[in-house]
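Trainee: sharing a sequence plus its predicted fold:
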Amino acid sequence: MANRRASITDLAKALNLSASTISRALADHNDVSEATKERVRQAAQELNYRPNQLAAALRRGQSKTLGVLVPHITGNFFPHVVHGIATEASKSGYNVLICQSDEDVRQEKKNIDLFMNAQVEGILVSLANTTQDFTHFNDVKDQRLPLVFFDRIIEGFQGPNVSAVVLNDYLGAYQAVSHLIEQGCTRIAIFSGPLHVNINKNRYQGYLDALQAHGLPLRREYVSHHADINLKSGTQAMRKLLKLPQRPDAVFASNDLAIVGAMQVAKEQGLRVPEDMALIGFSNEAFTELTEPTLTSVDQRSEQMGRTAVRLLLKLLNRPATAAPLKPVVLEPKLIIRESSVRLPANR
């Protein structure tokens with residue numbers, strides 16, 4: 001018995017008391033004698049009894065738990081978002097149940113089912129990059145369970161129990177590419193993820209519009225889209241670029257890992273960064289300050305995103321079913337300029 005948690009039933013058997021008496025004694029009810037309470041407390045300690053807080057909460061009609069689903073917990077961005085979520089949830093007395101989809105829509109669907117079966121009070125989710133069928137979220141919406149998307153969202157998916165928090169990815173990309181142009185770059189490549197994902201689509205549009213605004217043509221051979229944008233895809237894309245008759249003089253990637261891969265290849269080929277090839281990433285991962293040269297990147301306000309997502313969800317918990325949908329919250333990006341993109345002496 002001492003090797004596992006005892007239940008109220010175990011205590012009742014050990015003390016020859018009813019389960020209801022044990023429960024009232026543990027709750028310090030006045031109708032139980034002090035002597036009995038002391039016997040129960042001593043037995044609980046000896047038998048390693050711990051109350052099931054979740055079961056008690058469910059009996060009250062509340063689990064005080066939020067489900068959090070992310071594509072992965074590697075890198076800097078999602079761990080910081082989750083930290084913001086957990087911190088903000090704790091302030092309001094909520095626990096978080098964290099799952100990852102591993103960028104797999106099938107696992108995403110399983111995790112949503114898990115959350116609903118666990119009777120969480122709300123779900124916060126960032127989509128897998130393979131998600132194009134959203135019917136599993138219709139079930140959440142139909143059950144009026146508060147649902148907040150963050151970062152990767154379903155655009156146009158609305159309901160009285162649905163909201164979202166995103167970064168202005170378009171602006172982040174526009175600022176990054178404009179900065180490269182201001183540094184004298186005229187042949188700018190982009191490494192992007194799949195365009196059915198909102199963040200990639202918006203960053204790509206920011207890239208296109210920045211080129212157009214500065215009178216630069218779009219060169220299709222400089223555009224690379226990848227199912228999974230990471231170190232490997234950045235390395236592969238850079239090798240292809242350097243085989244072109246006219247290589248680009250800058251690369252913007254919608255992921256910091258991809259731009260690190262690009263930097264490694266550039267150095268292998270004897271190119272100087274930023275003199276021969278200026279580089280900018282997206283996310284402001286911790287390692288961007290440790291590379292040589294340090295990497296310019298777009299900060300995604302990760303922890304702020306997590307905190308904002310929880311605040312939105314708590315608003316949804318307390319809104320009537322007939323209320324109008326809450327508008328998505330759009331956070332402003334910040335371009336962190338470091339050595340990898342600064343080519344003009346006046347800006348060094």
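Mentor: Yep, that arrived. Numbering: from 1, shown residues only.

Trainee: flag every buried residue along stretch 6-22.
Mentor: For stretch 6-22, a neighbour-count test (16 or more other C-beta atoms under 10 Å) marks 6, 8, 10-12, 14-15, 17, 21-22 as buried. For the C-beta atoms, the positions are set from N, CA and C on the backbone; glycine is no exception.

Trainee: nearest to residue 344 among these?
Mentor: Of all those, residue 344 sits closest to residue 6, with 71.1 Å by C-beta to C-beta.

Trainee: ranges for the helices of the stretch 151-300 of the chain?
Mentor: Applying DSSP state H, counting those that start in this stretch to the stretch 151-300 of the chain gives helices spanning 169-182, 198-213, 231-241, 256-268.

Trainee: so which of these is nearest residue 77?
Mentor: Across the helices of the stretch 151-300 of the chain, closest to residue 77 is helix 256-268 (C-beta to C-beta), at 8.9 Å.

Trainee: which other helices and strands contact the closest one?
Mentor: Contact here means 3 or more C-beta pairs under 8 Å, 6 or more residues apart in numbering; DSSP states H and E; on that basis helix 256-268 packs against strand 188-192, helix 231-241, strand 250-253, strand 278-283.

Trainee: so how far is the first one from its chain's centroid?
Mentor: For strand 188-192, the distance between its averaged C-alpha position and the chain's averaged C-alpha position is 23 Å (C-alpha atoms, centre = their mean, to the nearest Å).

Trainee: equivalent analysis for the shortest one, please.
Mentor: Centroid separation between strand 250-253 and its chain, computed with C-alpha atoms, centre = their mean, is 23 Å.

Trainee: same check on the last one?
Mentor: The offset between the C-alpha centroid of strand 278-283 and the centroid of the whole chain comes to 20 Å, using C-alpha atoms, centre = their mean.

Trainee: got the angle for that strand vs helix 231-241?
Mentor: 150 degrees (axes from the mean of the first three to the mean of the last three C-alpha atoms, to 10 degrees).

Trainee: count the residues that sit near the residue lying closest to residue 149 once chain neighbours are set aside.
Mentor: Once flanking residues are discounted, residue 149 sits nearest to residue 164: 4.2 Å by C-beta to C-beta, 6 or more residues apart in numbering. Here the number of neighbours of residue 164 (other C-beta atoms under 10 Å) works out to 25.

Trainee: do the one 5 residues further on as well
Mentor: Residues near residue 169, counting by other C-beta under 10 Å, number 25.

Trainee: could you do residue 302 as well?
Mentor: Residue crowding around residue 302 was assessed by other C-beta under 10 Å; the count is 24.

Trainee: so who does it touch?
Mentor: Each residue near residue 302 by C-beta atoms under 8 Å, 6 or more residues apart in numbering is listed here: 76-78, 80-81, 84.

Trainee: most neighbours among those residues, which one?
Mentor: Compared across the contacts of residue 302, residue 81 has the highest neighbour count, 28 neighbours, by other C-beta under 10 Å.

Trainee: for that one, give its distance to residue 320.
Mentor: In this view, residue 81 and residue 320 are 29 Å apart by C-beta to C-beta, to the nearest Å.

Trainee: over to residue 46?
Mentor: In terms of C-beta to C-beta, residue 46 sits 49 Å off from residue 320.

Trainee: in this structure residue 256 contacts residue 283, no?
Mentor: Yes. Applying C-beta atoms under 8 Å, one finds residue 256 in contact with residue 283, separated by 4.8 Å.

Trainee: neighbour-wise, which of those two wins?
Mentor: More crowded of residue 256 and residue 283, by other C-beta under 10 Å: residue 256, with 28 against 24.

Trainee: let's have the helices and strands packed on helix 256-268 in TSV, adding distance to residue 97.
Mentor: Listed next are those as TSV, based on distance: least, C-beta to C-beta, whole Å:
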stretch	distance to residue 97
strand 188-192	32
helix 231-241	30
strand 250-253	33
strand 278-283	25
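
Trainee: so which of those is the most packed in?
Mentor: strand 250-253 (a mean of 30; mean count of other C-beta atoms under 10 Å).

Trainee: quick one: low-confidence parts of the stretch 201-348 of the chain?
Mentor: Residues of the stretch 201-348 of the chain meeting the criterion pLDDT under 70: 345-348.

Trainee: would you mind giving the domain segments of the chain?
Mentor: The chain breaks down by automatic domain parsing into domains covering 8-51, 63-167+301-332, 169-300+335-347.

Trainee: not counting residues beside it along the chain, what's closest to residue 83?
Mentor: residue 303 (6.0 Å).

Trainee: angles on the backbone of the residue lying closest to residue 181 once chain neighbours are set aside, please.
Mentor: In this structure, residue 181 finds its nearest non-sequential neighbour in residue 214, 4.8 Å apart by C-beta to C-beta, 6+ apart. Backbone dihedrals for residue 214, given as degrees, to the nearest 10, come out at phi -100, psi 10.

Trainee: tell me which stretches of the stretch 1-150 of the chain form helices.
Mentor: 8-15, 19-26, 34-46, 53-59, 77-91, 105-117, 135-142.

Trainee: now do the contacts for the spatially closest residue to residue 111 that is not a sequence neighbour.
Mentor: Nearest non-adjacent residue to residue 111, counting by C-beta to C-beta, 6+ apart: residue 99, 4.2 Å away. Counting by C-beta under 8 Å, 6+ apart, residue 99 touches 67-70, 111, 114-115.
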